[in-house]
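> structure, please.
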Amino acid sequence: MHEKINLEIQFTVEDYARGLSFIRNRHYIFKYGLIILPIIPIAFYIFDYWQNPNSLYQLTWTTALINFAPLLLLVLFFMSIRFSFNPLVNRAIKKQIASSPILQEPQKITFEDEGIRGETALSETLTKWDAVTEAAETEQDFFFFVATQRALFFPKKAFADDFQIDLLRGLIRTKLGERAKF
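Coordinates of the predicted model:
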């Protein structure tokens, strides 16, 4: 029997955005695909040059600009999606919070032997440890995955101190074993 760990959390838009970004970037295509996709046209240009080395000498500034400007724009577009914060996501999160009385309430979270209990004035849930397929820790959050792209997450700033965080790590290791990734 472990000691219960109690938190009270009021999630912010930044918390949700950070959590969604971490969950999304765990998927291979989002983590690497947006970087790899712009490389494909570059590979075609290199292959074309390899097949016909004189093709580079036949390029004029106009044809080079016509050929490479869209490629450069494509690379910049994909890199901006990958590395910059998407304001549309931030706006969507704000709208979700504004439309949901549950999301506007502070949440009381209890980590216990049975699972993770969440409670607001309007709802109550229990996620049993058997439902958690993987737990991960980042610099700012704990994630408890119940599916590949679905997770409960809790910001570390909601914990009272490092001792409480260490208690949670011990509970996670006990309940999840190899499924805990720290």
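
> mind listing what's buried along stretch 94-105?
Along stretch 94-105, these residues count as buried under the neighbour rule (16 or more other CB atoms under 10 Å): 97, 103. No exception for glycine: its C-beta is placed from N, CA and C like everyone else's.

> likewise for stretch 5-23?
Residues of stretch 5-23 classed as buried by neighbour count (16+ other CB under 10 Å): 5, 7, 9, 11, 15-20, 22-23.

> what's the answer for stretch 173-182, then?
Taking 16+ other CB under 10 Å as the neighbour-count basis, stretch 173-182 is seen to contain the buried residues 175-176, 179-180.

> can I get the residues you listed in a markdown table with secondary structure?
Compiled in a markdown table, these are given as follows (DSSP: H, G, I helix; E, B strand; the rest coil):
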| residue | secondary structure |
| --- | --- |
| K175 | helix |
| L176 | helix |
| R179 | helix |
| A180 | strand |
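
> what is the nearest of the residues you listed to T120?
K175 (23.8 Å; CB to CB).

> thinking again about what came up before, in TSV: the buried residues of stretch 5-23, plus secondary structure and distance to G115.
Output for the buried residues of stretch 5-23, formatted as TSV (DSSP: H, G, I helix; E, B strand; the rest coil; distance: CB to CB, whole Å):
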residue	secondary structure	distance to G115
I5	strand	12
L7	strand	14
I9	strand	17
F11	coil	20
D15	helix	21
Y16	helix	22
A17	helix	26
R18	helix	24
G19	helix	19
L20	helix	23
F22	helix	22
I23	helix	20
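
> could you work out the most separated pair of the residues you listed?
The span of the buried residues of stretch 5-23, defined through CB to CB, is set by I5 and A17 at 25.1 Å.
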